[in-house]
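>>> no sequence for this one, just the structure:
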């Protein structure tokens, strides 16, 4: 029997194991498949926080809502800077 005075730790596996870049890639693909302009739709979502800018096709809406909007902006800016600004 375990001692009752010891604190037990419980850790839930986070969905954050899914990388932000991977979320963006999957959402982009789903939006393209449905015939939407993924850039405009993702910008609409980031600016407003309204998930209806993102299609529910292939679970894209649920997927993007698992990531904070500021993390999406950070990832987009990081990749942009790495690809275009850095020498």
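That came through fine. Bear in mind the structure is a predicted one, so any value in this text is a computation, not a measurement. Numbers count the residues shown, from 1 in each chain.

>>> Tell me the gap between the top helix by length along the chain and the middle of its chain.
Of all segments of type helix in the chain, defined using DSSP state H, the longest is helix 20-33. Averaging C-alpha positions (Cα atoms, centre = their mean, to the nearest Å) puts helix 20-33 9 Å from its chain's average.

>>> elements contacting it?
Packing partners of helix 20-33 (3 or more Cβ pairs under 8 Å, 6 or more residues apart in numbering; DSSP states H and E): helix 38-48, helix 60-64, helix 69-80. Glycine gets a C-beta too; all of them are placed from N, C-alpha and C.

>>> List of residues touching the last one?
For helix 69-80, the external contacting residues (Cβ atoms under 8 Å, 6 or more residues apart in numbering) are 20, 21, 23, 24, 42, 45, 46, 49, 64.

>>> Roughly how far does residue 48 sit from residue 75?
Relative to residue 75, residue 48 is positioned 19 Å away (criterion: Cβ to Cβ, to the nearest Å).

>>> Over to residue 29?
Distance of residue 29 to residue 75, given as Cβ to Cβ: 16 Å.

>>> So for the two, which residue has more residues nearby?
Set residue 29 next to residue 75 and count neighbours by other Cβ atoms under 10 Å: residue 75 wins out with 17 against 14.

>>> Please tell me how far that one sits from residue 5.
Residue 75 sits at a distance of 44 Å from residue 5 (criterion: Cβ to Cβ).

>>> what angle separates the helix or strand of the chain with the lowest mean pLDDT from helix 20-33?
Within the chain, no helix or strand scores below helix 69-80, which has a mean of 93 by mean pLDDT, DSSP states H and E. Here the directions of helix 69-80 and helix 20-33 differ by 90 degrees (axes from the mean of the first three to the mean of the last three Cα atoms, to 10 degrees).
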